[in-house]
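> Could you look at this predicted model? Sequence included:
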Amino acid sequence: MPPSWRIVFMGTPIAAASSLERLLQGPDTVVGVVTQPARPAGRGQKEAPTPVRRAAEGRRIPLLAPEKIRDPAFFEALKSLAPALVVVVAYGRILPQSILDLPPRGCLNVHYSLLPRYRGAAPIAWAILNGEEKSGVTTMRLVEKMDAGPIFLQREIPLAPDETAASLEARLIPLGAELLLETIRRLKEGNLTPRPQREEDATYAPMLKKEDGEIEWSQRAQEIERRVRALYPWPSAFTWWQGRLLKIYRSAVIQAGEEGALGEVVRADGGGLWVATGRGLLGLEEVQLENRKRLGATEFLKGARMKKGDRLGVS
C-alpha cells in the first residue's frame with residue numbers, strides 16, 4: 001500500500017465540491033482547503049459560501065479564502081500546511097509559479113474537456129455551442145499558462161443530441177472525481193508519465209457573460225438550438241418580445257417549408273410556436289416571459305397574446 005500523501009485542495013463550485021468529497025473518502029489526508037471568498041448572490045445579494053466551503057465545513061480542515069492569490073500571508077499559510085500535492089478543480093484563478101513550485105509532487109488539475117481543446121473557464125458550454133460529438137475530462141500538471149500543462153489521463157464520453165450544459169456537467173463531475181483518484185493512485189505507484197499538449201491543437205473556451213445568451217435570429221436554426229442547450233441553466237438563451245425579456249429553455253429545429261423575416265413568428269397555435277431564423281425554423285418549446293412563470297409553448301400561448309407575424313429580438 002503506497003503511503004498517504006498530504007493534499008491541499010483548491011476549488012470553488014459544485015463540480016469541485018464533488019471531487020473534494022471523493023478525495024476525503026480516499027486514503028490520502030486533506031490538510032487544507034482553499035476556495036474563493038464568499039460573494040453576494042441571489043436577489044437579496046447576501047454573501048453566500050462557495051460549495052467547496054460548505055463541503056469542507058465541520059470537518060476540522062484548515063480553510064483558506066484569500067482575496068488575492070499572490071498575498072504573501074496566504075503563501076505562508078499554504079506553506080505551513082506542508083502539502084505533498086496540491087489538487088485544483090475549478091478554483092477560478094491562475095496560480096503563480098511560487099505556488100506551483102511549493103508541493104514536491106506538483107499541482108494536479110481536473111479540467112472538463114479533452115485538452116488541448118477547450119482551455120479556459122467554460123469548456124462544457126463551448127463544446128455544445130460548437131456542435132462537438134464528444135467531450136470528456138483531463139487530469140494534468142498545472143503550469144503558469146492557462147490549462148497548458150502536460151496531460152496525465154483522459155476519459156472521453158459522447159454527447160447526446162439533446163445535451164445541455166447542465167446534463168453534460170452532471171455526467172462529467174463524477175467522471176472527473178474518479179479520474180482524479182486514479183491519477184493520484186498511479187502517481188504514487190510511479191507508473192504514470194505526463195505527456196505534453198500539442199499547442200497547434202489548442203482551442204479556447206472563454207468565460208460566458210449574460211449577454212452571450214441573446215439570440216441572433218440571423219444565425220441558422222441549428223446554431224440557435226445549440227445555444228439554447230449550451231447556455232442552460234446559465235446564463236440562459238433569451239430574446240425580446242414587445243420590449244420584454246423572453247427566456248428560451250428548450251427548442252427544436254423544425255423541418256418545415258414556411259418562411260419569414262428574421263425573428264418573425266410564423267406559427268403560434270396549439271401545433272407549436274415557430275420562429276424564422278437565418279436558415280430554417282426554430283420551435284420554441286419552453287419559455288419564460290419576464291416576471292412570469294416558466295411554461296411549455298402551448299401553455300404560454302394560452303396566456304400570452306403572441307401571434308403569427310410578431311417579431312422577436314426587438315427590445
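Thanks, I have it. Residues are numbered from 1 along each chain as shown.
> right, and the helix or strand after the lowest-mean-pLDDT helix or strand in the chain?
Least confident element among the helices and strands of the chain, by mean pLDDT, DSSP states H and E: strand 39-41 (a mean of 72). Toward the C-terminus, strand 39-41 is succeeded by strand 46-48 as the next helix or strand (DSSP states H and E).
> Direction included, what does that next one pair against?
strand 39-41 (antiparallel) (DSSP bridges).
> Show me which helix runs longest in this structure.
Assignment by DSSP state H gives helix 165-189 as the longest helix of the chain.
> Please name every helix or strand in contact with that helix.
If you count contacts as 3 or more Cβ pairs under 8 Å, 6 or more residues apart in numbering; DSSP states H and E, helix 165-189 packs onto helix 14-25, strand 85-89, strand 107-111, helix 123-129, strand 134-141, strand 151-158. C-betas here are computed from N, CA, C, even on glycine.
> So for the first one, what gets flagged as buried?
So that's helix 14-25. Across helix 14-25, burial judged by 16 or more other Cβ atoms under 10 Å covers 14-20, 23-24.
> quick check: angle from it to helix 165-189?
Going by axes from the mean of the first three to the mean of the last three Cα atoms, to 10 degrees, helix 14-25 is angled at 30 degrees with respect to helix 165-189.
> Using CSV, write out the CA atom coordinates for helix 14-25.
The C-alpha coordinates for helix 14-25 follow below in CSV (Å, rounded to 0.1, in the frame of the first residue of the first chain):
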residue,chain,number,x,y,z
ILE,A,14,-20.3,22.3,-7.1
ALA,A,15,-18.0,20.3,-9.6
ALA,A,16,-15.1,21.0,-7.3
ALA,A,17,-17.1,20.1,-4.1
SER,A,18,-17.8,16.6,-5.6
SER,A,19,-14.1,16.0,-6.2
LEU,A,20,-13.3,17.1,-2.6
GLU,A,21,-15.9,14.7,-1.2
ARG,A,22,-14.3,11.8,-3.1
LEU,A,23,-10.8,12.9,-2.0
LEU,A,24,-11.9,13.0,1.6
GLN,A,25,-13.2,9.4,1.3
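> Adjacent strands (with direction) for the longest strand seen in the chain?
Longest strand in the chain by number of residues (criterion: DSSP state E): strand 244-254. With DSSP bridges as the test, strand 244-254 is paired with strand 237-241 (antiparallel), strand 281-289 (antiparallel).
> Many thanks, we can stop here.
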